[in-house]
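Undergrad: pasting the structure only:
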Ligand code: ADA
Ligand code: CA
Ligand code: CA
């Protein structure tokens with residue numbers, strides 16, 4: 001095919017795939033265990049799972065053990081985001097308006113990896129690790145615009161953890177990129193472009 005025709009064909013395919021993305025309303029949490037959920041760019045909207053406020057009783061939109069979640073838009077209200085057990089990967093996900101939080105490592109040592117994508121408007125945390133015991137979480141190659149923390153080790157926890165934020169564009173981070181209450185941790189923020197970021201790492 002001529003180069004110009006090929007370019008036109010690729011453009012048409014891109015337009016067609018953008019046009020086919022749909023809003024998908026869910027009223028129960030989607031569970032993904034030892035598997036990959038590919039959202040194909042569709043927007044997931046929680047109905048009756050929470051209002052996206054800072055209320056702690058909201059349900060996640062996705063949960064699973066050893067889950068990979070990819071190519072999803074999460075529309076408002078973001079409810080309690082994505083709950084990962086054991087380990088998990090979230091890749092190329094856009095949170096249009098983060099709810100209570102965007103993702104949580106609920107249990108297990110991980111690794112919990114959030115890679116690619118964009119998150120907007122977290123009133124408090126973008127993500128956190130609540131596991132009992134040592135855990136590893138990484139946020140990389142993405143944009144977080146407006147949050148108090150990018151990764152929070154859950155409050156009062158003295159467990160060691162390895163928390164990394166790298167190669168991200170971070171804007172309007174009101175407290176710290178990484179915050180933990182543990183004195184035994186490996187924490188790193190590298191290669192990030194910062195705009196209006198108060199502090200990189202907050203430790204006791
Ligand atoms: C708060 C709370 C934690 C945990 C967390 C969450 O940070 O202090 O114990 O419940 O929210 O998982 O959203
Ligand atoms: Ca919370
Ligand atoms: Ca939460």
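TA: Ah, there it is. Since this is a predicted model, take the numbers as computed values, not measurements. Ligands and ions are numbered 1, 2, ... in the order given.

Undergrad: all helices for the protein, in order.
TA: For the chain, helices defined by DSSP state H occupy the ranges 3-20.

Undergrad: Quick one: name the residues of it near ligand 1.
TA: Residues of the chain lying close to ligand 1 by CB under 6 Å from any ligand atom are 56, 100, 101, 104, 130, 154, 155. Every C-beta, even on glycine, is put in place using the N, C-alpha and C of the backbone.

Undergrad: show me the contacts for the fourth one.
TA: What that stands for is residue 104. With contact taken as CB atoms under 8 Å, 6 or more residues apart in numbering, residue 104 is in contact with 60, 80, 81, 82, 83, 84, 127, 128, 129, 130.

Undergrad: again, but for the first one
TA: Contacts for residue 56 (CB under 8 Å, 6+ apart) come out as residue 100.

Undergrad: The fifth one too?
TA: Neighbour list for residue 130: 104, 105, 106, 107, 154, 157 [criterion: CB under 8 Å, 6+ apart].

Undergrad: Let's see that with 7 Å instead.
TA: 104, 105, 106, 154 (CB atoms under 7 Å, 6 or more residues apart in numbering).

Undergrad: Closest one to ligand 3 out of those residues, please.
TA: residue 104 (5.5 Å; CB to the ion).

Undergrad: rewinding a little: could you work out the most separated pair of the residues of the chain next to ligand 1?
TA: With CB to CB as the measure, no two of these lie farther apart than 100 and 155, at 14.3 Å.

Undergrad: Quick check: residue 166 vs ligand 1, distance?
TA: 24 Å (CB to the nearest ligand atom, to the nearest Å).

Undergrad: State the distance from that residue to ligand 3.
TA: From residue 166 across to ligand 3, the span is 24 Å (CB to the ion, to the nearest Å).

Undergrad: Lovely, talk soon.
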